[in-house]
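**Q** sequence unknown, structure follows:
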């Protein structure tokens, strides 16, 4: 039987991909979050946008979305992947370092803002359950918009940046309990806490226990087995299975798929596969999250704004004013400077992506009337679209040079690893293990990356910080701590892989000390050309060690032998690291020799 494929069947997919191809580069060039572009594109391409003109201009149908329901169903995976990544980025170490801001300032912000908004909603005639859902939805800010702004301006580790991240972190943690509560009370908003209602939590509890048991007992062995196959495609398939499989278990238990994915992320956060999974999942998360915001834009009925030209803008302004006031007050309570407090308050003033998730779940469960939810969502979207402007004001007010009195008194929030390494070791074979042992002896913190799952397992059993992954990918190196490390040691025996890592690392950081293993003098020259600070050829080092042993055995004094060996090693390095090589130019630049030679 021959199948017939119609071009119209793929029109919506092609429109989304074309939209992504236009919006992402354009908005990144403007330094605006692409999420806002997807929201605007959704409004434009949806039934309340250009599609409403299709009767007068039939050709419009070719550039608008025909099946928003199908798009929305697929777009739900964007939230699933987002919550998985949030769980994956959490760790007990991170929570411990920021516990005062996370569970203090963050918890108070969510409680106060949700309570005030819920009280206002009840005063406007909403039921207790509906008001609570609206309050919870509007109390959450946008992690997806705010964090890229902080990263682009390099403000993550400022006082305001740390406080902002902490509040966003608690908000992300609060999403799962909020969704669980909505899922369990859907259709039962007026029943109260009856025994029957409490019994409905049993399937959810069983589902969570199943996920926890699977994660603890089977998740790491499964990924370890897949990693030993040394197949990128198989590892990618395993990652997708973990995310979607955990989501389906959660859905079968009566919860949302996003909650199951969040739990799976938490379980993987402390494993050696964390960074490789992050790099593997990131493209799917970004694409599906874009699709999610596109579907949100498609569902926004801007005629609601036209019908309520005063109410909706007033709600958006009131929401921004409330969040700004509450967060500024809490920031001052937690002893942030006035500049940092206003910066954090304006960054967090707008609405967030989880408002759409929470209100959609509440509407589906009969808790919030659809008309009310649509009004609230349009107001939240307006506030969300104002975040870049609010952030610009906040960064202008708080982004000046930090004085010593403003420096954080608590440990700085770590980025990729739990503790930022001074040395990043690539390769954990015999050479890498020996390097790690020497660093341990001198009490220098280090992190290693290794592609062989068996070697990673051995290192983990010894208590070392070893991560499974491909170091030839710059995103993986960054997540392992490349941006914070003072030195990079490459011990792999794969000559091509060593050269790739040296080139990537040097392109990323001109100030990094890079020490690389080379097979012979020819490869050492090549590594110096690529920017290695030092290259150690195995053949020459073996010759020097043989010479040392020989001279000592035939009676030459040890001191003279060591001095001559060091002198000869320096001569070899100088002959290999030619003046025109990048490594030589960088070394002289650090020594103050050629200020204009550094790249």
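**A** Nice, thanks for sending it over. Here the structure is a predicted model, which means the values were calculated and not measured.

**Q** so which helix or strand takes in the closest residue to residue 292 other than its chain neighbours?
**A** Spatial nearest neighbour of residue 292, excluding adjacent residues (CB to CB, 6 or more residues apart in numbering): residue 78 at 3.2 Å. Any C-beta I mention is one placed from the backbone N, CA and C, and that applies to glycine too. Take DSSP states H and E as the rule and residue 78 turns out to sit in helix 68-89.

**Q** what's the distance between residue 490 and residue 464?
**A** 17 Å (CB to CB, to the nearest Å).

**Q** the two: which is more packed in?
**A** residue 490 (29 against 20; other CB atoms under 10 Å).

**Q** give the contact list for the more buried one.
**A** 426, 427, 498, 501, 502, 514, 515, 516, 517 (CB atoms under 8 Å, 6 or more residues apart in numbering).

**Q** can we see that at 6 Å?
**A** Applying CB atoms under 6 Å, 6 or more residues apart in numbering, we find residue 490 in contact with 426, 498, 501, 516.

**Q** pretty sure residue 109 sits against residue 167.
**A** Yes - Residue 109 is within contact range of residue 167, at 5.5 Å (criterion: CB atoms under 6 Å).

**Q** from residue 144, how far out is the closest residue to residue 331 other than its chain neighbours?
**A** By the measure of CB to CB, 6+ apart, the closest residue to residue 331 outside its immediate chain neighbours is residue 341, 3.5 Å from it. The spacing between residue 341 and residue 144, counted by CB to CB, is 23 Å.

**Q** buried by neighbour count: which residues of the helix holding residue 78 qualify?
**A** Neighbour-count burial for helix 68-89, with 16 or more other CB atoms under 10 Å as criterion, is recorded at 68, 71-72, 75-89.

**Q** elements contacting that helix?
**A** helix 257-268, helix 274-299 (3 or more CB pairs under 6 Å, 6 or more residues apart in numbering; DSSP states H and E).

**Q** that helix to helix 274-299, inter-axis angle?
**A** Helix 68-89 runs at 150 degrees relative to helix 274-299, counting by axes from the mean of the first three to the mean of the last three CA atoms, to 10 degrees.

**Q** where's the nearest residue in space to residue 568 that is not next to it in sequence relative to residue 520, distance?
**A** What sits nearest to residue 568 in space, not counting adjacent residues and going by CB to CB, 6+ apart, is residue 544, at 6.5 Å. Remark: distance between residue 544 and residue 520 (CB to CB) = 14 Å.

**Q** the two: who's more crowded?
**A** residue 544 (16 against 12).

**Q** sorry, back to before: looking at the contacts of residue 490, which are in helices?
**A** Counting by DSSP state H, the contacts of residue 490 place 498, 501 in helices.

**Q** would you turn the contacts of residue 490 into CSV with neighbour count and distance to residue 15?
**A** What follows is the contacts of residue 490, written out as CSV (neighbours: other CB atoms under 10 Å; distance: CB to CB, whole Å):
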residue, neighbour count, distance to residue 15
426, 28, 42
498, 27, 44
501, 28, 40
516, 28, 47
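
**Q** of the contacts of residue 490, which is the nearest to residue 56?
**A** Distance to residue 56, by CB to CB, is smallest for residue 501 among the contacts of residue 490, at 59.0 Å.

**Q** now do the same contact list for that closest one.
**A** Contact analysis of residue 501 by CB under 6 Å, 6+ apart lists 426, 471, 490.

**Q** please narrow those residues to those residing in strands.
**A** 426, 490 (DSSP state E).

**Q** which one of the contacts of residue 501 sits closest to residue 373?
**A** Nearest to residue 373 among these, with distances taken as CB to CB, is residue 471, at 47.1 Å.

**Q** so that closest one sits right up against residue 427, yeah?
**A** No - under the criterion of CB under 6 Å, residue 471 makes no contact with residue 427, lying 7.9 Å away.

**Q** quick one, strands of this structure?
**A** Using DSSP E, strands in the chain cover 423-426, 446-450, 466-468, 487-490, 513-518, 534-537.

**Q** and for residue 349, the neighbour number?
**A** 26.

**Q** so for it, what's the pLDDT?
**A** Note for residue 349: predicted pLDDT of 92.

**Q** again with residue 582
**A** pLDDT, read off for residue 582, is 65.

**Q** ok, residue 309 next?
**A** In this model, residue 309 carries a pLDDT of 83.

**Q** could you measure from the closest residue in space to residue 36 that isn't next to it in sequence over to residue 342?
**A** Nearest non-adjacent residue to residue 36, counting by CB to CB, 6+ apart: residue 385, 5.5 Å away. Distance from residue 385 to residue 342, counting by CB to CB: 21 Å.

**Q** same deal with residue 559?
**A** From residue 559 across to residue 342, the span is 64 Å (CB to CB).

**Q** higher neighbour count, the two?
**A** residue 342 (21 against 8).

**Q** state the pLDDT value of the residue lying closest to that one once chain neighbours are set aside.
**A** Leaving aside its sequence neighbours, residue 342 sits nearest to residue 397 (CB to CB, 6+ apart; 5.2 Å). Note on residue 397: pLDDT of 76.

**Q** residues touching residue 249, list them.
**A** Applying CB under 6 Å, 6+ apart, the residues near residue 249 are 207, 211, 260.

**Q** what about the residue nearest to residue 342, how many residues close to it?
**A** Neighbours of residue 397 using other CB under 10 Å come to 17.

**Q** same thing with residue 55?
**A** The burial count for residue 55: 9, using other CB under 10 Å.

**Q** that one and residue 65: what is the separation?
**A** Relative to residue 65, residue 55 is positioned 16 Å away (CB to CB).

**Q** and residue 71, by the same measure?
**A** Residue 71 sits 6 Å away from residue 65, going by CB to CB.

**Q** with residue 147 instead?
**A** According to CB to CB, residue 147 and residue 65 sit 28 Å apart.

**Q** so for those two, which residue has more residues nearby?
**A** Taking other CB under 10 Å, residue 147 and residue 65 do not tie; residue 65 has more neighbours (26 against 17).

**Q** out of the contacts of residue 249, give me the one that has the most neighbours.
**A** Highest neighbour count within the contacts of residue 249: residue 260, with 29 neighbours (other CB under 10 Å).

**Q** need the contact list for the closest residue to that residue other than its chain neighbours.
**A** In this structure, residue 260 finds its nearest non-sequential neighbour in residue 250, 2.6 Å apart by CB to CB, 6+ apart. By CB under 6 Å, 6+ apart, the contact set of residue 250 is 207, 257, 259, 260.

**Q** make it 7 Å
**A** 207, 211, 256, 257, 259, 260 (CB atoms under 7 Å, 6 or more residues apart in numbering).

**Q** now residue 121, nearest residue through space, not along the chain?
**A** Closest to residue 121 by CB to CB, 6+ apart is residue 131, at 3.7 Å.

**Q** could you measure from residue 340 over to residue 159?
**A** 4 Å.

**Q** so what's residue 103 closest to, chain neighbours aside?
**A** Nearest residue to residue 103, sequence neighbours excluded (CB to CB, 6+ apart): residue 170, at 6.7 Å.

**Q** give the contact list for that neighbour.
**A** Contacts of residue 170 (CB under 7 Å, 6+ apart): 102, 103, 106, 107, 110.

**Q** what's the closest of these to residue 29?
**A** Of all these, residue 106 has the smallest distance to residue 29: 33.1 Å, by CB to CB.
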